[in-house]
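> turn this into a model:
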Amino acid sequence: METGSDMVLEMLRRSYFAVDGLWFVLLEEDDGLERALALDERVWQVMPKIQARKARELLRIEERTPAALVRCMALKLAAEGHRYSVSSQNTQAAEIVISECPWRDVLLQSGRDQLGPAIADHICSTEAAVWANEFSPADGPPIVARMGESLCHGDGYCRVSFHVADED
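Purely as a prediction, here's the structure:
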């Protein structure tokens, strides 16, 4: 039986999305939507730290810049199956534009797309902020994340911008 890397990746990706959705739905059934969203937000205050650190290690990226951040985040997005583009305007700013999001696709397929705006506002923004924090230098101004357009809010894409905060 052949188990090529594409097949293995698809199996892991499917399991990753299934376990995320399953625990959320079960918690929602037991404790309500607000509790499930609150706990999901707590999970996504930790998960991006793990992902960012592993991406930096795998890509051997040491610098703490918006450009380095989006290069590492692109690895995570590719692993999850997003369609996206990455750009760096200068050394102080970079952004990711996501045209297809598998998390949104799961919501649509399960008939739960009404949760999209709350997830975008709470989970996606938390995730971006944690990635920014992970790449902020200890001895300089922090990197700040800004969520722009959002597929879950009816836009044609999601835009996540990262920039170095102005020093005052």
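> now for Ile114, how many residues are close by?
For the record, residue 114 is Gln, not Ile. 9 (other CB atoms under 10 Å). Every residue, glycine included, has its C-beta placed from N, CA and C.
> so it, which of the three states?
Three-state assignment for Gln114 (DSSP: H, G, I helix; E, B strand; the rest coil): helix.
> likewise for the one 3 residues further on?
Three-state call for Pro117 (three-state DSSP): helix.
> that one touches Met147, doesn't it?
No - when contacts are counted by CB atoms under 8 Å, Pro117 is not listed as touching Met147 (11.6 Å).
> output stretch 18-33 as PDB, nothing but the C-alphas.
Extracted C-alpha coordinates of stretch 18-33, given in PDB (Å, rounded to 0.1, in the frame of the first residue of the first chain):
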ATOM      1  CA  ALA A  18     -11.500  17.200  12.800                       C
ATOM      2  CA  VAL A  19     -10.200  17.200  16.400                       C
ATOM      3  CA  ASP A  20     -10.400  21.000  16.500                       C
ATOM      4  CA  GLY A  21     -14.000  21.000  15.400                       C
ATOM      5  CA  LEU A  22     -15.000  18.000  17.500                       C
ATOM      6  CA  TRP A  23     -13.800  19.300  20.900                       C
ATOM      7  CA  PHE A  24     -15.400  22.700  20.000                       C
ATOM      8  CA  VAL A  25     -18.800  21.200  19.200                       C
ATOM      9  CA  LEU A  26     -18.800  18.900  22.300                       C
ATOM     10  CA  LEU A  27     -17.800  21.800  24.600                       C
ATOM     11  CA  GLU A  28     -20.500  24.000  22.900                       C
ATOM     12  CA  GLU A  29     -23.100  21.300  23.500                       C
ATOM     13  CA  ASP A  30     -22.100  21.000  27.200                       C
ATOM     14  CA  ASP A  31     -21.300  24.600  28.100                       C
ATOM     15  CA  GLY A  32     -22.600  26.900  25.300                       C
ATOM     16  CA  LEU A  33     -21.100  28.900  22.500                       C
END
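> next, the buried residues of it.
Buried residues in stretch 18-33, counted by 16 or more other CB atoms under 10 Å: Asp20, Phe24, Leu27, Glu28.
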